[in-house]
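**Q** sharing a model that was predicted from the sequence below.
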Amino acid sequence: MAAISQSDHSQSDHSQSDYSEAGRPETGGPLDASVRVDLYRMMVLIRTYEERIRQEYHADKTPGFDIGAGKIPGEMHLAAGQEPVAAGVCPHLRPSDALTATHRPHHLAIAHGVDLAKMTAEIFGRQGGLGHGRGGHMHLFDPAVHFSCSGIVAEGLPPALGQAFAFRHRGTDSVAVAVTGEGGANQGAFHESLNLASLWRLPVVFVIEDNEWGISVSRRASTSVEDNSLRAAANAMPGVRIEDNDVEAVYRAARTAVERARAGHGPSLIEVHTLRLWGHFEGDPQTYRPDLATVEERDPIPSYRRLLVEAGVLDEAGVERIAEEAATKVERAVEFALASPEPDPSTATAYAFE
Amino acid sequence: MAAISQSDHSQSDHSQSDYSEAGRPETGGPLDASVRVDLYRMMVLIRTYEERIRQEYHADKTPGFDIGAGKIPGEMHLAAGQEPVAAGVCPHLRPSDALTATHRPHHLAIAHGVDLAKMTAEIFGRQGGLGHGRGGHMHLFDPAVHFSCSGIVAEGLPPALGQAFAFRHRGTDSVAVAVTGEGGANQGAFHESLNLASLWRLPVVFVIEDNEWGISVSRRASTSVEDNSLRAAANAMPGVRIEDNDVEAVYRAARTAVERARAGHGPSLIEVHTLRLWGHFEGDPQTYRPDLATVEERDPIPSYRRLLVEAGVLDEAGVERIAEEAATKVERAVEFALASPEPDPSTATAYAFE
Amino acid sequence: MTVVEEPAAKASPPPPRRLTMAKAMVEGIAAEMERDPSVFYMGEDVGAYGGIFSSTTGLLERFGPERVRDTPISETAFMGLATGAAVEGMRPIVELMFADFFGVCMDQIYNHMAKIHFESGGNVKVPVVLTSAVGGGYSDGAQHSQCLWGTFAHLPGMKVVIPSTPADAKGLMISAIRDDNPVIYLFHKGAMGLAWMAKTRRALGDVPSESYETPIGKAAVARPGRDVTVVTVSLSVHYALDVADELASEGIDVEVLDLRSLVPLDRDAIVESVSRTGRLVVVDEDYRSFGMSAEVMATVAERDPSLLTVAPVRVAVPDVPIPYARALEQAVLPTPERIRAAVRQVMG
Amino acid sequence: MTVVEEPAAKASPPPPRRLTMAKAMVEGIAAEMERDPSVFYMGEDVGAYGGIFSSTTGLLERFGPERVRDTPISETAFMGLATGAAVEGMRPIVELMFADFFGVCMDQIYNHMAKIHFESGGNVKVPVVLTSAVGGGYSDGAQHSQCLWGTFAHLPGMKVVIPSTPADAKGLMISAIRDDNPVIYLFHKGAMGLAWMAKTRRALGDVPSESYETPIGKAAVARPGRDVTVVTVSLSVHYALDVADELASEGIDVEVLDLRSLVPLDRDAIVESVSRTGRLVVVDEDYRSFGMSAEVMATVAERDPSLLTVAPVRVAVPDVPIPYARALEQAVLPTPERIRAAVRQVMG
Ligand SMILES: Cc1ncc(C[n+]2csc(CCOP(=O)(O)OP(=O)(O)O)c2C)c(N)n1
Ligand SMILES: Cc1ncc(C[n+]2csc(CCOP(=O)(O)OP(=O)(O)O)c2C)c(N)n1
Ligand SMILES: [Mg+2]
Ligand SMILES: [Mg+2]
């Protein structure tokens, strides 16, 4: 089902003899039906969320488009099409595991169990938000599930190393997942993070969301290698690339990588060839994008739905129910956000220091 | 003679089909006698220079050791033991080719033909120096041979890309050689530079001087991979590692890489396992260094001399003559430096802007 | 972003036209690219996209991909590339998409681009123009809203220019490209006249169609006045002028000094104005402490503290990161309201 | 470098002892590592080497390699690692070998370490101590001699402390480690009392052997005086005191204010002193413009410019990179000679 290319030609690190074993992703039989439904459910929840945010974002920016206006001001990077990454990786994580996401963080936040209401309130810039409206959509911090993100490309990775370091130092088996886009894999922070995590055998799973675009710059125009798993090899860790945005393949690869990290065998890298269904940010005309015509048909959700229905794992009623559940959850989160007060301007300088 | 490990498992870049060919270093028969003598001559010149600088540096810092005192103040990083890198790479370069070196730049500067007198005057902080005493030993710039260096680890690499870019833009076949230590290969700038050079197919040759130490931190404690040629593969360019500080192996590998770059086929990487014969900087107690006892016997110069004498390429008279020539050149350079005036303090802010 | 701006004019239309700052900036770049084949532009999304803030709209179409180059997200590599190309005689313009990203490539900027000329004793020239977008006001959060010109101006080796008008955007760009030193050119997103961002009526301005240089290091008296000197730069110039217009009706005559460049800083212009008005307000969208506002005040004080007849006041971003929520962000920015209050305060 | 310093004292010897700043700093670190298992130290050459400037001598032997960690030359990665570990409740001390290298990791410092607490609305704490060596005077050139505290102090979110005495080196270190905010701790190489570097007699000082905190944000009157206020920090405090001693014999009574921290800045102490003396000299080994010297002057001016009975004077590094040759470097540094001339100037 999933085309998985795997790099096993990397040199093994001095002390990491278990490494080529662990890098081999499981490709065995079908997943449990309940797991598959859960994967689907999560993808639907994410998509429902992103659609709703998109709608709220644009609702009051017209006529014209004023980026600073409306209930949700500022840049807005939505993750529609990239659900398989979040849905596939996060089932292997516990609330005690850390996850650091990028400027495009919602799908990962949702799948890792960030408080949806507070997250939404943060995106709406309200006092009840995760950061009391200080952070915004690119700066979501939920310490309850060790979630964070950053608006600086690839610079979210290094802090994940420190979380992993602290987990290990305390003798827990918690892990940290660190996510970047394929564009970010050309940033120095990416290389340094891989090397250090590998060297110190930190319990980190690096995930690259290859949606083929870094804003308007194609992967081909930004990246010298076809396959970032070679960059895992360049830092003596296993790397796999999943070619077709397949949530089950992501799930399997992440299981292997998370288990490896939990067992104390160090980091691995998973690159997923995913899809940016919409623009880089809302308002992006995407005039630079030649693949626009085929984007819709590559949407990973309808195809997975069909697959599950055909496999008899899900029926129409189930599909319906999942959609409704998602709509309800999202509705509640948006209601919470809208009911939360705007922050008081006289507190603008609060939280400068402890 | 040289143990060469070569990475040929990298994926070929989109448009760089010639790449695995070019990465294969030539391993054929012995070099011309004249070339071999030139290699030896250059190594001796460098060593003579470094020994003299070392002597001048310490001459007037006693009693005790005051780093800021004496004819040559400040940090001093000498390259004794690393002569094979400079001597092996630079014969393939022309004055119109660029070379950027590190905080340990003398050997490369000498081999690339930087004006020895002006360079020495710069190290002595004199008005007649390359930078009129403004730069110092880590900041040698000789535009006549496109030489530069930087005291910031690995950050000398990116400017080399721009030199290569300009050369190509003008339609010349000049190349840029960019040097880092093995410690520097863990810096983000290294990764970004490899990717961009590969992507834009710039005429660059990356050279890593693996002397096993980054100050007191061993290669093993800093670097997750055994072989940085994997990092070439991670950026779709050929990479070779030369295991035994062999000037002839460096010469051959550099020929291949420079030719490749001149021909427009893009960058390559050469890692040389070399030797830091002395401390990181002068004054380094090296108490952290377990291999200290065997350092002397790994000195690349006596062994190469023996080899050439045994091969009949060089006789004792030749050895003597080369030593004398070197001593004379160095003596003249030091004389020039000492004769050059100290810069006038009233001009301390000159050269702020054009 | 949503609206694709028309490419800059090609021939010489009847001078002057009213252009946005973005178009004027592009016109300056295009004129120099036309004139000098060693000029090229490089950065993220500067090609087909035309620059996230329309700093390069139409340039790819006009000059082709060799001279208008999209880069990977590798600021250290491409900043260094600019330096190296400049060392070899080219005249790169290199864009850092947001000034906030300086931290991923600051070593290339201030240890290399800025220092090589000095370290080489003047033997190596580095004629780079580093363009970057600054400023907030549209809820882009703590990592995408900063001005940071104080940071750039503090470190030696680069000029720092900051246009506030379309005419200066063009003239300073041309001067920056022709300058043999590295120059940082900071353009405020809110002053670019972008279709998708709120703007004031001052976003459009007359721009001569011929090529011209605006001198680097000369402040402009954006509005002469007798009572108070408001020293500022960038988008805040627009606000200061608005406030000045309003207060004129109350009989307060405000002089607005647009610094236009922080390095070199036109200290004489500051002192001259304050010596006439005796009252100083500094408006600075950068952080308050250890930055531009203090430098302006110090410039007056060290010349003669008695020039100041009342305590000067700064209107700047307090020393906290820039908050996301609109109400909070507006509370920290130097809004017209805060400028007005400051002017009233020094008027006593 | 050449001389291996003795490890810091283990038990409590009879208080106080005369220690170098390096030893006092290590003593502070060791005391906190002993007390709090979540403290660890990380950086380049901080293990077996003991820190290039003896900032960690003896710590590896005492606390082992898990808590005293050599890193690769990957400042971005290990700065971020410190941030992440702090977020999870550890108390990392992370060393940037020279402050001059900030540019390779500034994003981690000022977009992450410094901002996360604010962006999270106070929900995430980042108790990191970032140590770094600053200063010149021994011909280390333009990339290894800077102070840069103005740069750090301009950007919000981190405290900036700068000890000048051994006692403060210990007390500020303990305070910094216990602080729940990220703190930058800058130590001057020339004040560390290193055996291999020229030093003044002030490099040794009394240091209590027990643990104590030196409050962050409180300036110290290093020498009280009636005639002139010299505001300064770090090694320049030593020079200012030397000059004050000399000038005392000429009947000039100099007050020396050691700021000790730039963030928070003890503005009241500055204003209080100047309101007594009426004369201000700011001595700053960082670059002159847009930095500490201006902030100190602006602090007085915006409180009340008439406190300044004569124009204040700054003694700082002119806005050029720091030259290598000894004579040139000495010409740009705030030497005792330049301080003396400045004091004489304000005395008229
Ligand atoms: C260091 C840095 N450079 C540039 C940017 C501007 N920027 C934001 S997102 C982005 C593209 C990121 O591409 P990718 O990593 O592939 O993630 P994607 O947006 O595709 O999810 C860029 C260039 C930034 N935020 N940080
Ligand atoms: C970015 C940066 N970090 C740290 C340093 C301090 N430093 C100077 S040389 C050096 C070690 C470099 O090791 P390597 O790259 O192997 O070169 P070598 O000294 O062995 O020639 C370090 C850490 C620096 N100059 N720049
Ligand atoms: Mg992408
Ligand atoms: Mg080395």
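**A** Arrived safely. Ligands and ions are numbered 1, 2, ... in the order given.

**Q** just the pLDDT at the residue most central in space within chain C, thanks.
**A** The centroid of chain C falls nearest to residue C:162 when counting by C-alpha atoms, centre = their mean (2.1 Å). For residue C:162, the pLDDT comes out at 98.

**Q** mind listing what it touches?
**A** Applying C-beta atoms under 8 Å, 6 or more residues apart in numbering or on different chains to residue C:162 gives the contacts C:134, C:149, C:185-188, C:233-234, C:259-262. All C-beta atoms are positioned from the backbone trio N, CA, C, and that covers glycine.

**Q** same thing but at 7 Å, please
**A** Contacts for residue C:162 were tallied using C-beta atoms under 7 Å, 6 or more residues apart in numbering or on different chains; they are C:149, C:186, C:233-234, C:260-262.

**Q** also near chain D: which of those, exactly?
**A** Checked against chain D using C-beta under 7 Å from any C-beta of the partner chain, these give no members in range.

**Q** got those as TSV, with distance to ligand 2, neighbour count and pLDDT columns?
**A** Shown next, in TSV, are the contacts of residue C:162 (distance: C-beta to the nearest ligand atom, whole Å; neighbours: other C-beta atoms under 10 Å in any protein chain shown; pLDDT from 0 to 100):
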residue	distance to ligand 2	neighbour count	pLDDT
C:149	25	28	98
C:186	26	23	99
C:233	32	30	98
C:234	32	26	98
C:260	35	26	98
C:261	31	29	98
C:262	27	27	98
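
**Q** now, which of these sits nearest ligand 3?
**A** Here the nearest of the contacts of residue C:162 to ligand 3, counting by C-beta to the ion, is residue C:186; it sits at 27.4 Å.

**Q** quick check: which element contains residue A:179?
**A** Following DSSP states H and E, one finds residue A:179 within strand A:176-181.

**Q** report all helices and strands that the next helix or strand after that strand contacts.
**A** Tracing the chain past strand A:176-181, the next element assigned as helix or strand by DSSP H and E is helix A:188-199. Using 3 or more C-beta pairs under 7 Å, 6 or more residues apart in numbering or on different chains; DSSP states H and E as the contact criterion, the neighbours of helix A:188-199 among helices and strands are helix A:157-169, helix B:188-199, helix D:75-87.

**Q** find the nearest non-adjacent residue to the residue in chain C that ligand 2 sits nearest to, please.
**A** When distances are taken as C-beta to the nearest ligand atom, chain C approaches ligand 2 most closely through residue C:107, which lies 7.0 Å from it. The shortest distance from residue C:107 to any residue other than its chain neighbours is 3.1 Å, reached at residue D:103 (C-beta to C-beta, 6 or more residues apart in numbering or on different chains).

**Q** a strand runs through the one you found, doesn't it?
**A** No. Counting by DSSP: H, G, I helix; E, B strand; the rest coil, residue D:103 is located in no strand; its state is helix.

**Q** mind listing what the residue in the stretch 101-250 of chain A that ligand 3 sits nearest to touches?
**A** Distances between the stretch 101-250 of chain A and ligand 3 by C-beta to the ion are smallest at residue A:181, namely 3.6 Å. For residue A:181, the contact set (C-beta under 7 Å, 6+ apart) comprises A:102, A:209, A:211, A:214.

**Q** got a winner among these for most neighbours?
**A** Neighbours were tallied for each of these (criterion: other C-beta atoms under 10 Å in any protein chain shown), and the maximum of 30 neighbours falls on residue A:209.

**Q** sketch out the low-pLDDT regions of the chain for me.
**A** All of this refers to chain A. Low-confidence segments of chain A, defined by pLDDT under 70: A:1-28.

**Q** ah, no, chain C please
**A** C:1-15.

**Q** now the contacts of residue A:181 in a markdown table, with secondary structure and distance to chain C?
**A** Rendered in a markdown table, the data for the contacts of residue A:181 read as follows (DSSP: H, G, I helix; E, B strand; the rest coil; distance: C-beta to the nearest C-beta, whole Å):
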| residue | secondary structure | distance to chain C |
| --- | --- | --- |
| A:102 | coil | 11 |
| A:209 | strand | 14 |
| A:211 | coil | 14 |
| A:214 | strand | 6 |
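
**Q** now narrow those to whatever sits close to ligand 2.
**A** Of the entries in these, none also sits close to ligand 2 under the rule C-beta under 6 Å from any ligand atom.

**Q** of these, closest to residue A:117?
**A** Out of these, the one with the shortest distance to residue A:117 is residue A:102. That distance is 22.4 Å, counting by C-beta to C-beta.

**Q** mind checking how far that closest one is from residue A:240?
**A** Shown here: residue A:102 relative to residue A:240, a distance of 20 Å by C-beta to C-beta, to the nearest Å.

**Q** likewise for residue A:149?
**A** When distances are taken as C-beta to C-beta, residue A:149 and residue A:240 turn out to be 24 Å apart.

**Q** more neighbours, the two?
**A** Neighbours of residue A:149 and residue A:240, each counted by other C-beta under 10 Å, are more numerous for residue A:240; the result is 28 against 25.

**Q** that one belongs to a strand, doesn't it?
**A** Yes. Counting by three-state DSSP, residue A:240 falls inside a strand.
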